[in-house]
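Trainee: only geometry, no sequence info:
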């Protein structure tokens, strides 16, 4: 059976840190269950994953997200100069953005993700139309005739296939919009948090008394629930492996999507935002990762709608959070009669519900994902 969604549920404990801040330089937070929780935004988590060394090693170079067209044009010319002449590359970027990118301060209306192979694809299309004259409408029709080839060029920036792309001008807004395949929730603590304030000083070694700098920084610690769902067929469409969402999957196209899903799982369990890490070094790995193949996206955030209380004997939020997550999964699974296939990896020995397969390590859970939830 090929369920279309993979749900990723991760619990990760962070020692004192300040991983994501708002415009007031305070920790991002959210009220859930009537209590304040510390929050790490989905934008922060997605950027952390696509900028990680792991992403580059296993999934390639990420897209370049910018509205500075002139700067991007210089980069594209430098990277593609061996394949296309400069005038053609400039023309391609102008068509994609709908702007004249030649001015030194040329900017797009908003930050958008760019992929070099997409620019190269446009260069090829423009060259193919040169004999008949090139304009935006002709170019758009030519690309729409073979949208799958366009998607395959765009797929060189895998993060666009995962997170999607919006655009407000040029051919990027006409043919380049992508519906994201990966939905990522803001991570929140499973329990209420009262933040602390670090009153810090910078000592001036050449100053005899006092300090050279005084300031404050909010910080806290806690167990965070991370959730993401991956639409496998949407991912295959975005990668140019399927013509559209109604197309039948092939074994090869699904295997490609599952391999990417395994890498997404790895990053959700191991990558941590870099903010203030030189001061806090909260480089923590996940305590638990639960994965389900399902016919719909299903968040388990409501396991923590009532804030977790620290274990009254030993202290700590981690073990009660794991117990609450598994218990809520069991209630949802049985209450709605869900047809899911689930597996879980936990650092500690935990009691796992009957319909969840226990995996002894994260690599073995990743392999289970690649095997389509079998074994």
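Mentor: Looks like it arrived, so ask away. Keep in mind that what you see is a predicted model, and the values were worked out from it rather than measured.

Trainee: ok, which stretches of the stretch 151-300 of the chain are helices?
Mentor: In the stretch 151-300 of the chain, the segments counted as helices under DSSP state H, counting those that start in this stretch are 158-163, 170-175, 232-238, 251-270, 277-280.

Trainee: so what's the closest residue to residue 371 other than its chain neighbours scoring on pLDDT?
Mentor: Once flanking residues are discounted, residue 371 sits nearest to residue 258: 7.9 Å by C-beta to C-beta, 6 or more residues apart in numbering. For glycine as for every other residue, the C-beta is placed from the backbone atoms N, C-alpha and C. Residue 258 carries a pLDDT value of 98.

Trainee: How many neighbouring residues does residue 258 have?
Mentor: Residue 258 has 20 neighbours, counted by other C-beta atoms under 10 Å.

Trainee: With residue 62 instead?
Mentor: 19.

Trainee: With residue 196 instead?
Mentor: Counted with other C-beta under 10 Å, residues neighbouring residue 196 total 12.

Trainee: and it, how far is that from residue 339?
Mentor: Look at residue 196 and residue 339: by C-beta to C-beta, to the nearest Å, they are 45 Å apart.

Trainee: Does residue 11 fall in a helix, a strand, or a coil region?
Mentor: Residue 11 falls in the strand class when you classify it by DSSP: H, G, I helix; E, B strand; the rest coil.

Trainee: List the single closest residue to it in space, sequence neighbours excluded.
Mentor: Excluding its sequence neighbours, the residue lying closest to residue 11 (C-beta to C-beta, 6+ apart) is residue 288, at 4.4 Å.

Trainee: what pLDDT does the one you found get?
Mentor: Looking at residue 288, its pLDDT reads 98.

Trainee: Please apply the same query to residue 113.
Mentor: On the pLDDT scale, residue 113 gets 92.

Trainee: what pairs with the helix or strand where it lies, and is each one parallel or antiparallel?
Mentor: Following DSSP states H and E, the helix or strand that holds residue 113 is strand 107-114. Sheet partners assigned to strand 107-114 using DSSP bridges are listed as strand 64-68 (antiparallel).

Trainee: Off-centre distance for the strand it pairs with?
Mentor: In terms of C-alpha atoms, centre = their mean, to the nearest Å, the centre of strand 64-68 is found 17 Å from the chain centre.

Trainee: What are the contacting residues of that strand?
Mentor: Residues outside strand 64-68 that contact it (C-beta atoms under 8 Å, 6 or more residues apart in numbering): 72, 75, 106-115.

Trainee: Show me which of the residues you listed is closest to residue 267.
Mentor: Proximity to residue 267 was ranked across the contacts of strand 64-68 by C-beta to C-beta; first place goes to residue 113, at 17.6 Å.

Trainee: quick one: the residue nearest to residue 371 and residue 369 touch, right?
Mentor: Yes - using C-beta atoms under 8 Å, residue 258 makes contact with residue 369 at a distance of 6.0 Å.
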